[in-house]
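Q: just need the structure, nothing else, for what follows:
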Amino acid sequence: METKTLQADFIKDAALSVGFDACGIARATELTDDASFLRSWLDAGIQGDMHYMERNFEKRIDPRVLVPGCKTVVVALLNYHPEKIQDPQLPKIAKYAYSNTDYHLVIKDKLLQLEHIITETYGSDCVSETHQHIFTDSGPVFEKRWAEKAGLGWIGRNKLLVTKKFGSSISIGILMLNVEVESDHKPVPFSCGHCTKCVDACPTGALSGSNMDARKCISYLTVESKSPIPNNLQNKLNGWIVGCDVCINVCPWNKRFAHPHNHPELTPTPQIYTLTKEDWMEMTQEEFDTTFKNSAVRRSDLNGIKTTIY
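A: All right, here's what the predicted structure looks like:
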């Protein structure tokens, strides 16, 4: 069967069959508006230590440059909202890092399964054989923008993808195809209205207007940054030691639509529900490595975690 007959419904059904919660299709094109935004964001210097954002600019704004021959961007969503939330009095971990298996690994495995189904049915010409074409928050890709273009949601004032089915406790996987597939053409309009709860609730004031100052974001400070937390922000972490869910937790869309996932691969690491401040401070590197062996918690280092606990 010729690859040109590949249908969007086939891809979406296959995505659901391997365990994704939603899937959309977008036509590969240059993201001109995002190019302007990224340039102004970088020029403002508010990317902090994330110097990788300054590299691969052309690839970041155009998937056809990133993956030569790319014509279609497949976007798959995975709901990670847990059934049980941590006691807020304990050192807090963002919900995306609850699971004992890093979501990057879970999504990559599912994307590989999806790719296999597509190529087995329609041929290997559907995907690039010479370039990486599977992305899980791991390459120069505007995942949230592509999810928006694929009709899966909109980018809210919290700078996260918001959906009417899951809220924003979702991870995004991208599969780039070298064949044309009919795109969804069903953009979801910006639906935050006049609500500014996420902006108002941000403990450090990282969210403002249309921008996000990464240097103030608790998720950045506790995961991405390699620099000491600034003195004026140390007392504003509000107990977060790995990531932050403040802007997710206050969002009305999450309060209304977030519901527990049904993915065994995302079973929480049990210890996150019991570890106290004292436990974290006394934890050895060996204990940390054993407890969070395959967890996204290891994106933060133990010594860094201890500096966030007050």
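
Q: distance check, the residue nearest to residue 118 when sequence neighbours are not counted against residue 10.
A: In this structure, residue 118 finds its nearest non-sequential neighbour in residue 126, 5.4 Å apart by Cβ to Cβ, 6 or more residues apart in numbering. The way it works is simple: take the backbone N, C-alpha and C, and place the C-beta from them, glycine included. According to Cβ to Cβ, to the nearest Å, residue 126 and residue 10 sit 11 Å apart.

Q: list residues touching both of those two?
A: Residues touching both residue 126 and residue 10 (Cβ atoms under 8 Å, 6 or more residues apart in numbering) are residue 118.

Q: more crowded one of those two?
A: residue 126 (21 against 15; other Cβ atoms under 10 Å).

Q: distance of residue 256 from residue 202?
A: Applying Cβ to Cβ, the value for residue 256 to residue 202 is 21 Å.

Q: measure how buried residue 61 is and give me the count.
A: For residue 61, the number of neighbouring residues by other Cβ under 10 Å comes to 24.

Q: picking that back up, for residue 256 and residue 202, indicate the residue with more neighbours.
A: Per other Cβ under 10 Å, whichever of residue 256 and residue 202 has more neighbours is residue 202, with 22 against 10.

Q: might one say that that one is in contact with residue 248?
A: No - shown here, residue 202 and residue 248 do not form a contact pair, counting by Cβ atoms under 8 Å, at 11.3 Å.

Q: assumed residue 26 was part of a strand.
A: Yes - under the criterion used here (DSSP: H, G, I helix; E, B strand; the rest coil), residue 26 sits inside a strand.

Q: please report how far it lies from residue 115.
A: Counting by Cβ to Cβ, the separation of residue 26 from residue 115 is 17 Å.

Q: between the two, who's got more neighbours?
A: A side-by-side neighbour count of residue 26 and residue 115, using other Cβ under 10 Å, places residue 26 first with 24 against 20.

Q: residue ranges with poor pLDDT in the stretch 201-310 of the chain?
A: Applying pLDDT under 70 to the stretch 201-310 of the chain picks out residues 209.

Q: could you pull out the strands for it?
A: Along the stretch 201-310 of the chain, counting by DSSP state E, counting those that start in this stretch, strands occupy 207-208, 211-212, 240-242.

Q: return the list of helices and strands in contact with the last one.
A: The reference is to strand 240-242. Here strand 240-242 is seen to pack against strand 92-93 when contacts are counted using 3 or more Cβ pairs under 8 Å, 6 or more residues apart in numbering; DSSP states H and E.

Q: quick one: the residue nearest to residue 118 and residue 180 touch, right?
A: No - at 10.6 Å, residue 126 does not count as touching residue 180 under the criterion of Cβ under 8 Å.

Q: common neighbours of these two, please.
A: When contacts are counted by Cβ under 8 Å, 6+ apart, the set common to residue 126 and residue 180 is empty.

Q: and the closest residue to residue 58 other than its chain neighbours, which of the three is it?
A: Nearest-residue entry for residue 58: residue 65, 5.0 Å, with adjacent residues in sequence omitted and distances by Cβ to Cβ, 6+ apart. For residue 65, the secondary-structure state derived from three-state DSSP is helix.

Q: for residue 112, see how far away residue 65 is.
A: From residue 65 to residue 112 the distance is 23 Å (Cβ to Cβ).

Q: got it, and residue 168?
A: When Cβ to Cβ is the yardstick, residue 168 and residue 112 sit 25 Å from each other.

Q: please apply the same query to residue 72.
A: 17 Å.

Q: which of those two has more neighbours?
A: residue 72 (22 against 13).

Q: list the contacts of that one.
A: When the contact criterion is Cβ under 8 Å, 6+ apart, the partners of residue 72 are 25-28, 176-181, 183.

Q: where along the stretch 51-200 of the chain do the helices fall?
A: For the stretch 51-200 of the chain, applying DSSP state H, counting those that start in this stretch gives helices covering 57-61, 63-66, 103-122, 143-149, 197-201.

Q: which residues does the last one contact?
A: Pointing back at helix 197-201 there. Helix 197-201 is contacted by residues 156-158, 207-208, 246-247, 250-252 when judged by Cβ under 8 Å, 6+ apart.

Q: over to the shortest one?
A: For helix 63-66, the surrounding residues in contact (Cβ under 8 Å, 6+ apart) are 28-30, 56, 58-60, 70-71, 73, 131, 139-141, 146, 176.
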